[in-house]
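**Student:** what follows is a predicted protein model with its sequence.
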Amino acid sequence: MQKPSSRLAPMAKEKYLQLIGGLHLPENFHYDFIYEMYETVLDGLAEVEQKSDLLKIEIVDHPTIIYYLIGEHYYNIFGGSLERVTQLEENEKYQSFLLSSALDKYLTNGHLEYKLANRYSQFAPPISTLELYLNFTLGTLTRFKKKEPNKTLIIDIITKGLTLGKGIINLLKSGFETEAFVTWRTLHETECVLIVLDRFQAPAIQAYLRHLNYGVAFRHGISDKKKSDDIFAQIKEELKLHGLKSKDMKRYIEYGWLYSLPNINFDNGYKLNFRDGLEKIAGLSAYGKNYEMASEVAHSSPILIYAREDLFGTLTLVNLYESFFRMEEIFRKIYLSVISEAEQKQYELMRNIYYRSMHNIHEREAQKYYRFFNKQK
């Protein structure tokens, strides 16, 4: 079949090999087979365009087509013998399946994708500026050791918090504003933990790690029965010490580490929960109403179905900026303590430029929220 234009002509074999060279595929992966299927997909795409007056793809994304083919094929041959792989590649039904799969995914996911109304373009400054700084900070965190809780707990929590921020940005860009608001709820909980641990340091960190271990045992994550039994015995003793009953075990495991914080008197207004415990100690009770609303959304109340998504989107973005400012302050303190004086100056120069811009954006978005949704600042 004659191609309707050069945009449907396959890329040169040499360019194709360069494209997939960095994918680290198995040595016995048959590149020629995928290239032949790629040519066939382009023929199929040309045929689809000829039969449809509605579908006309001005720019054909050749790498995406190739990646769909490789992904599908690799998934189907993984773990198979060379003989089995060869039989599969020579099977006409399999070739037809691979062709249809790649073509359908390319057209549906790329050009007929279901998209929600999107108020947050990736190029809009409220999104692009925060995303830039999130990427920079997460990239910087790669210099630190991670996943060694006894040594890296604070860094691990900062990383998770910023990653949640990235997730919220991606949801907003895709138009999933209620989902972004629910994810902010998780970020808010994470941020509260981070603030309390950073403020109280050693006693808080030690208690948090102990209760982390309690949680593993509670969810049957410890295979050594004696060790698990000893942990539950310890938990029961601590429950008695604090005047709690067996029914309180789950919330004690989750929030009982707060008992170890100095100068926090649970007989004076604090409770073993999030709103009147962790959030209050973190000093973020002002977010209580937003957190409660996000919880209603998370638990599929009517507000999830019928509330205005632009309200959720704007509120989420404002809250995300505020959470980021607080987390970044903790990150900055740690980062500056481990880099050279020259790096400190370079970092502060970059930070001052974008931080001023971010605060201006936050102020503008906050004013928009209060103006459009009749809130009083």
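**Tutor:** Sure thing, it's come through.
**Student:** mind checking the backbone torsions on Gln50?
**Tutor:** phi -70, psi -30 (degrees, to the nearest 10).
**Student:** got a pLDDT number for it?
**Tutor:** The model reports Gln50 with a pLDDT of 80.
**Student:** quick one: neighbours of it, just the number.
**Tutor:** 11 (other CB atoms under 10 Å). C-betas here are computed from N, CA, C, even on glycine.
**Student:** distance of it from Ala102?
**Tutor:** Between Gln50 and Ala102 the distance is 19 Å, computed by CB to CB, to the nearest Å.
**Student:** how far away is Val193 from Glu148?
**Tutor:** In terms of CB to CB, Val193 sits 18 Å off from Glu148.
**Student:** and if you look at Glu363?
**Tutor:** With the distance defined as CB to CB, Glu363 ends up 39 Å from Glu148.
**Student:** do Tyr255 as well
**Tutor:** With the distance defined as CB to CB, Tyr255 ends up 24 Å from Glu148.
**Student:** give me the more crowded residue out of the two.
**Tutor:** Tyr255 (16 against 10).
**Student:** can you get me a residue count around the residue lying closest to the more buried one once chain neighbours are set aside?
**Tutor:** Counting by CB to CB, 6 or more residues apart in numbering, Tyr255 lies nearest to Leu272, which is 4.9 Å off, once chain neighbours are set aside. Neighbour count for Leu272, taken as other CB under 10 Å: 18.
**Student:** can you pull the phi/psi pair for Leu272?
**Tutor:** phi -90, psi 70.
**Student:** and Leu25, by the same measure?
**Tutor:** Per degrees, to the nearest 10, the backbone of Leu25 is at phi -80, psi 160.
**Student:** wait, doesn't it sit right on His73?
**Tutor:** No. Using CB atoms under 8 Å, Leu25 is not in contact with His73, being 9.9 Å away.
**Student:** comparing those two, which residue is more hemmed in?
**Tutor:** Ranked by neighbour count (other CB under 10 Å), Leu25 and His73 place His73 first, with 23 against 15.
**Student:** list the contacts of the more buried one.
**Tutor:** When contacts are counted by CB atoms under 8 Å, 6 or more residues apart in numbering, His73 touches Phe33, Ile34, Met37, Leu98.
**Student:** ok, now with 10 Å
**Tutor:** 25, 29-30, 33-34, 37, 85, 88-89, 94, 98, 101-102 (CB atoms under 10 Å, 6 or more residues apart in numbering).
**Student:** and Tyr347, by the same measure?
**Tutor:** By CB under 10 Å, 6+ apart, the neighbours of Tyr347 are Phe136, Thr140, Arg332, Tyr335, Leu336, Ile339.
**Student:** and what of Arg185?
**Tutor:** Leu164, Tyr287, Asn290, Tyr291, Glu292, Met293, Ala294, Ser295, Val297, Ala298, Thr316, Asn319 are the contacts of Arg185 under CB under 10 Å, 6+ apart.
**Student:** now do the buried residues in stretch 162-175.
**Tutor:** For stretch 162-175, burial by neighbour count (16 or more other CB atoms under 10 Å) applies to Leu162, Leu164, Gly165, Gly167, Ile168, Ile169, Leu171, Leu172, Lys173, Ser174, Gly175.
**Student:** quick one, helices of the stretch 51-200 of the chain?
**Tutor:** Here the stretch 51-200 of the chain has its helices, by DSSP state H, counting those that start in this stretch, at 62-77, 82-89, 92-110, 125-141, 149-173, 177-200.
**Student:** buried subset of the contacts of Tyr347 as a ChimeraX selection?
**Tutor:** Per 16+ other CB under 10 Å, the buried members of the contacts of Tyr347 correspond to this ChimeraX selection:
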select :335
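**Student:** how about Leu82: what's its closest non-neighbour residue?
**Tutor:** Nearest in space to Leu82, with sequence neighbours left out and distances taken as CB to CB, 6+ apart, is Asn28 at 6.0 Å.
**Student:** tell me the pLDDT of that neighbour.
**Tutor:** For Asn28, pLDDT reads 77.
**Student:** Phe331 too?
**Tutor:** Note for Phe331: predicted pLDDT of 95.
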